[in-house]
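**Q** From the sequence below, what's the structure:
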Amino acid sequence: MSDPARILIVDDQEDGRWVLSAIVREESMTPLEARNGKEALQRILADSPDVVLLDIRMPDMDGMQVLKEVRKSDLRTPVIIFTAYGTIGQAVEALKCGAYDYLTKPFNNDDVVRSIRMALGERSMTNEVRRPHAVHSLHGTMGPSHCVARLVDQVERVADTNLSVIIAGESGVGKELVARAIHERGRRASSKFVAVDCGSLPDGLLENELFGHEDGAYTGAGRASPGKFEVASRGTLLLDEIGNLPFSAQAALLRTLQEKKVCRVGGVESIPVDVRVLAATNQDIPSLIEAGKFRADLHYRLAEFELNVPPLRDRKEDIPFLAKRFVDQTNGENGFHVQGLSERTLSLLQAYDWPGNVRELRNVIRRAVVLADAAIEPEHLPARMTRRGVNSAGPPPEGTCGRRAGIEIGDPIDGGLSLKEITKRATRDLERRVLMTVLRRTSGNKAKAADILQVDYKTLHTKVKQYGIVAE
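**A** As a prediction, the model looks like this:
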């Protein structure tokens, strides 16, 4: 059973609010009230009502100003304008500014109910049209591989719930795309999607960004301001790179998630918020917990469901699709007419390991489109991708045959292995031995090992698990 519709009634006259509230309750809907335009905007942001009934004539900020602010904020909430002093010109202006309907006093109760029901119906239809499109657009953005298909299936399963989700993956794989697809496929699609980068703000400013502040809370805080939790109320809040969240801010975040209330910096009152929280990370949170850098209880609260976005090297069948999409996109933005990629170029793209993932591929293609005339050729790619061996650090010194690195390839004839299989096995053996050596030197400290090997922590942790390396 769905929750009753929430109707915000904005009128500076108490009698007017009372009458409309009675009509709304009679129809088994929930009335919310605001006495002026400023209060209306605060309630729209905080409560995300399903429909707004808005009086035009109000002191300080009139209904038309409120309507324009709502549309400027890209909120899709239907707004029904009403007034006792209506004119045809005023009605036309209101509709041009994005009002759903225009009613004049004295109005018939049935007309008010009919207008509200029609606005709710259109909002519902808009959501149903948007939801399947969100998942389709994820396929159309990330590619046709089986990896993406599995990811899309998981997104479809979790999107229409209210579970908190951790989206894990290396930098550049498209974690925010997945978060947006969850939002647009879910029941909060008509409300705001708000993203906060937990690593981009100093410790002292992060709580202000998340929870807001009151007037005079600190030097320079000239007026009260809502935080991202309030702005995203009844919508979705993405906490990007949650692994970078300062330990000191984690307790306040956990309390907010548990109590569903925020207390602004410098404030004493708790403000209720209704937010679905998604968290994205390129780090291994369990290892951060082990290192004492992340709260286990916060992780449990955020990880009601977990999604892993695969790196591009694990779904190379998406590369031709993505490359074409980026070529077309760059052509369209700049008026170029590059026709595509040669077979040699595509082979080089698929041989490369893409440490920067889809973001790196996009940058490579955009640069190549600028350099190319007809098709993108190997000479239009960065030098790191066209050198012999592509991903190799270079051949071993003459006469070593891999012995210096401790690689044992065996007899290829006896083993019946192809050159490709021999090379793959030798590379894995070398990689495993290097990891074990560095981890011994760092006494098993994976963070230090990642720094020494110049790889991100997640990649190193994945390889340690892949090779079955355990602490000695």
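**Q** which residues in the stretch 151-300 of the chain form strands?
**A** 165-168, 193-197, 212-213, 225-226, 236-240, 261-262, 271-272, 276-281 (DSSP state E, counting those that start in this stretch).
**Q** so for the fifth one, what's the average pLDDT?
**A** When the per-residue pLDDT values of strand 236-240 are averaged, the result is 95.
**Q** Show me what it pairs with in its sheet, parallel or antiparallel.
**A** Sheet pairing for strand 236-240, assigned by DSSP bridges, gives strand 193-197 (parallel), strand 276-281 (parallel).
**Q** Need the pLDDT of Asn127.
**A** In this model, Asn127 carries a pLDDT of 51.
**Q** Hmm, I typed the wrong one, I wanted Arg76.
**A** What the model reports as pLDDT for Arg76 is 69.
**Q** after the strand or helix carrying Arg17, next one along is what?
**A** Following DSSP states H and E, one finds Arg17 within helix 14-26. Helices and strands here follow DSSP H and E; after helix 14-26, the next one along the chain is strand 30-34.
**Q** following that next one, which helix or strand comes up?
**A** Next element after strand 30-34 (DSSP H and E): helix 37-47.
**Q** Can you list the buried residues in that following helix?
**A** For helix 37-47, burial by neighbour count (16 or more other CB atoms under 10 Å) applies to Gly37, Glu39, Ala40, Leu41, Arg43, Ile44, Leu45, Ala46, Asp47. To be clear about C-beta, it is placed using only N, CA and C from the backbone, and glycine gets the same treatment.
**Q** ok, now which ones touch the residue sitting nearest the centre point of the chain?
**A** The centre of the chain sits closest to Glu176, judged by CA atoms, centre = their mean, with a distance of 3.0 Å. Counting by CB atoms under 8 Å, 6 or more residues apart in numbering, Glu176 touches Ala195, Leu238, Asp240, Ala280.
**Q** What separation do you get for the last one and Leu307?
**A** This points to Ala280. For Ala280, the distance to Leu307 equals 9 Å [CB to CB, to the nearest Å].
**Q** Do I have it right that Lys192 meets Lys228?
**A** No: look at Lys192 against Lys228 with CB atoms under 8 Å: they stay out of range, at 9.7 Å.
**Q** mind giving me CSV with the strands paired with strand 236-240 and columns for distance to Ile166?
**A** What follows is the strands paired with strand 236-240, written out as CSV (distance: least, CB to CB, whole Å):
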stretch, distance to Ile166
strand 193-197, 15
strand 276-281, 5
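**Q** Return the member of those strands having the minimum mean pLDDT.
**A** Taking the mean pLDDT of those, strand 193-197 comes last: a mean of 91.
**Q** which residues are contacting that one?
**A** 176, 179-180, 183-184, 209-210, 228, 231-232, 235-241.
**Q** What does the pLDDT read for the closest residue to Asp47 other than its chain neighbours?
**A** Setting aside the residues directly before and after it, Asp47 is nearest to Leu32 in space (CB to CB, 6 or more residues apart in numbering), at 6.0 Å. For Leu32, the model assigns a pLDDT of 92.
**Q** and what of the one 5 residues further on?
**A** The per-residue pLDDT reported for Gly37 equals 86.
**Q** show me what contacts it?
**A** Val10, Met58, Asp60, Met61, Asp62, Gly63, Gln65, Val66.
**Q** what's the distance between Arg17 and Leu54?
**A** 12 Å.
**Q** Kindly apply the preceding question to Leu349 instead.
**A** 54 Å.
**Q** ok, those two, which is more surrounded?
**A** Neighbours were counted for Leu349 and for Leu54 using other CB atoms under 10 Å; Leu54 has more, 27 against 24.
**Q** Looks to me like Val66 is in a helix.
**A** Yes: under DSSP: H, G, I helix; E, B strand; the rest coil, Val66 sits within a helix.
**Q** So it sits against Val10, correct?
**A** Yes: the criterion here is CB under 8 Å, and Val66 meets it with Val10 at 7.0 Å.
**Q** one step back: same list (the contacts of Glu176) but as TSV, adding distance to Leu120 and neighbour count.
**A** As requested, the contacts of Glu176 are arranged in TSV below (distance: CB to CB, whole Å; neighbours: other CB atoms under 10 Å):
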residue	distance to Leu120	neighbour count
Ala195	28	16
Leu238	27	27
Asp240	33	20
Ala280	33	25
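**Q** Export these as a markdown table, with columns for distance to Ser270.
**A** As requested, those are arranged in a markdown table below (distance: CB to CB, whole Å):
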| residue | distance to Ser270 |
| --- | --- |
| Ala195 | 24 |
| Leu238 | 23 |
| Asp240 | 26 |
| Ala280 | 27 |
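**Q** Pick the one among those residues closest to Leu298.
**A** Leu298 lies nearest to Ala280 out of those, by CB to CB, at 14.7 Å.
**Q** Surely that closest one touches Glu241?
**A** Yes: using CB under 8 Å, Ala280 is in contact with Glu241, at 6.5 Å.
**Q** these two touch, right, Glu207 and Ala251?
**A** No: contact criterion CB under 8 Å: Glu207 and Ala251 do not qualify, at 10.5 Å.
**Q** sorry, back to before: of the strands of the stretch 151-300 of the chain, which approaches Ala84 most closely?
**A** Using CB to CB and comparing the strands of the stretch 151-300 of the chain, the one that lies nearest Ala84 is strand 225-226, at 32.2 Å.
**Q** For the stretch 101-250 of the chain, which segments are assigned as helices?
**A** 109-142, 146-159, 175-185, 203-211, 228-231, 247-259 (DSSP state H, counting those that start in this stretch).
**Q** I'd like to know the average pLDDT value across the third one.
**A** This means helix 175-185. 93.
**Q** can you check the fourth one too?
**A** Per-residue confidence for helix 203-211 averages out to 78 on the pLDDT scale.
**Q** buried sites along it?
**A** Neighbour count says helix 203-211 has Leu206, Glu207, Asn208, Glu209, Leu210, Phe211 buried, by 16+ other CB under 10 Å.
**Q** residues near Asp160, how many?
**A** A total of 13 residues lie near Asp160 under the criterion other CB under 10 Å.
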